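Participant: Build me a model:
(one chain, ligands or ions: 2)
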Amino acid sequence: MLRAEHLAFAYGAETQTYDFSFEAEAGTVTAVSGASGSGKSTLLDLLAGFLAPESGTLTLDGADLVPLSPETRPLSLLLQSDNLFDHLTARENVALGLPKGMDRTEGHSRVEAVLARMGLEGLADQAATLSGGQKQRVALARTLLRDRAVLLLDEPFSALDDETRKTIRALVGELTASEGWHTILVSHHEDDIVALATRHYRLEKGRLTPA
Ligand SMILES: Nc1ncnc2c1ncn2[C@@H]1O[C@H](COP(=O)(O)OP(=O)(O)O)[C@@H](O)[C@H]1O
Ligand SMILES: [Mg+2]
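Facilitator: Ligands and ions are numbered 1, 2, ... in the order given. Below you'll find the predicted structure:
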């Protein structure tokens, strides 16, 4: 269980104060919706450790995440776009998810296994020519390789056409269940929330309320 209790933050003295409490279970998608500017990305930045809370707790299976720096937190982040390095091939982008110092042969076989599982073998040597949907698939492949317990998604399907959106969305649902991820989906698309989420919170006036 990923749990926040009164995780408090403000950008400045005269601005909105945030007080976030929520629970997200392993193997499920927890959705957060809210108007533009309501603080959805701020919430993800707090979870990822890019922002430090003023008070409150954030735990994963009881372990405190707050003292951990972003790169040591057990999570991956997927944005609407720009998740990949365009000068690297799909294979190279996926390989960035390998743990540091892993044996080359072992690393190579893990990358190939993930590319195959995600249906990316034919695209592995392409770089900037990948479509938006293909790029999100590559980014998900890298996430799969990283194998972190928490997946943070900030409007990850917004740049995709309807058909591709449904495919990538289904993939997120399948991977979340099979890998036991705690997936937090920020979206203002009711469709995505209905299709994927077990739990849904609305973000308003700095607070999360079960929807
Ligand atoms: N670095 C920052 N400094 C000050 N205010 C910020 C900063 N980043 C975002 N904000 C403000 O905080 C509010 C919430 O932003 P954000 O979390 O990006 O909302 P959302 O993702 O829901 O659109 C907005 O009013 C935004 O202008
Ligand atoms: Mg945002």
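
Participant: list the contacts for the residue lying closest to E92 once chain neighbours are set aside?
Facilitator: Closest residue in space to E92, ignoring its immediate chain neighbours: F85 at 7.7 Å, by C-beta to C-beta, 6 or more residues apart in numbering. To be clear about C-beta, it is placed using only N, CA and C from the backbone, and glycine gets the same treatment. By C-beta atoms under 8 Å, 6 or more residues apart in numbering, the residues touching F85 are 92-93, 96.

Participant: What subset of those is buried?
Facilitator: The neighbour count (16 or more other C-beta atoms under 10 Å) marks 92-93 as buried among these.

Participant: Tabulate the contacts of F85 (CSV), appending pLDDT, distance to ligand 2 and secondary structure.
Facilitator: Shown next, in CSV, are those (pLDDT from 0 to 100; distance: C-beta to the ion, whole Å; DSSP: H, G, I helix; E, B strand; the rest coil):
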residue, pLDDT, distance to ligand 2, secondary structure
E92, 95, 28, helix
N93, 96, 23, helix
L96, 94, 24, coil
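
Participant: first to last residue in stretch 29-44, what's the distance?
Facilitator: Stretch 29-44 has its terminal residues 14 Å apart, counting by C-alpha to C-alpha, to the nearest Å.

Participant: buried set for it?
Facilitator: In terms of neighbour count (16+ other C-beta under 10 Å), stretch 29-44 has its buried residues at 29-34, 38-40, 42-44.

Participant: Pull the residues that contact it.
Facilitator: 9, 11, 16, 18, 20, 22-24, 51, 77, 152, 154, 172-173, 176, 182-188, 190, 192-193, 196-204, 206, 208, 211.

Participant: ok, 7 Å please
Facilitator: 9, 16, 18, 20, 22, 24, 51, 152, 154, 173, 176, 183-188, 193, 196-204, 206, 208 (C-beta atoms under 7 Å, 6 or more residues apart in numbering).

Participant: Also stretch 91-111?
Facilitator: Contacts of stretch 91-111 (C-beta under 7 Å, 6+ apart): 84-85, 114-115, 124-125, 138, 141-143, 145-146.

Participant: Next, the distance between the ends of that stretch.
Facilitator: The straight-line separation of the ends of stretch 91-111 (C-alpha to C-alpha) is 7 Å.

Participant: Show me where this structure has its strands.
Facilitator: Here the chain has its strands, by DSSP state E, at 2-10, 17-24, 28-33, 55-60, 63-64, 75-78, 150-154, 182-186, 197-204, 207-210.

Participant: What values do phi and psi take at the closest residue in space to S81 that isn't next to it in sequence?
Facilitator: Nearest residue to S81, sequence neighbours excluded (C-beta to C-beta, 6+ apart): A159, at 4.9 Å. A159 adopts backbone torsions of phi -90, psi 10, taken as degrees, to the nearest 10.

Participant: So what's the residue count around A159?
Facilitator: 16 (other C-beta atoms under 10 Å).

Participant: got it, and S55?
Facilitator: 11.

Participant: State the pLDDT value of it.
Facilitator: In the predicted model, S55 carries a pLDDT score of 98.

Participant: residue contacts, it?
Facilitator: Neighbouring residues of S55 by C-beta under 7 Å, 6+ apart: 6, 8.
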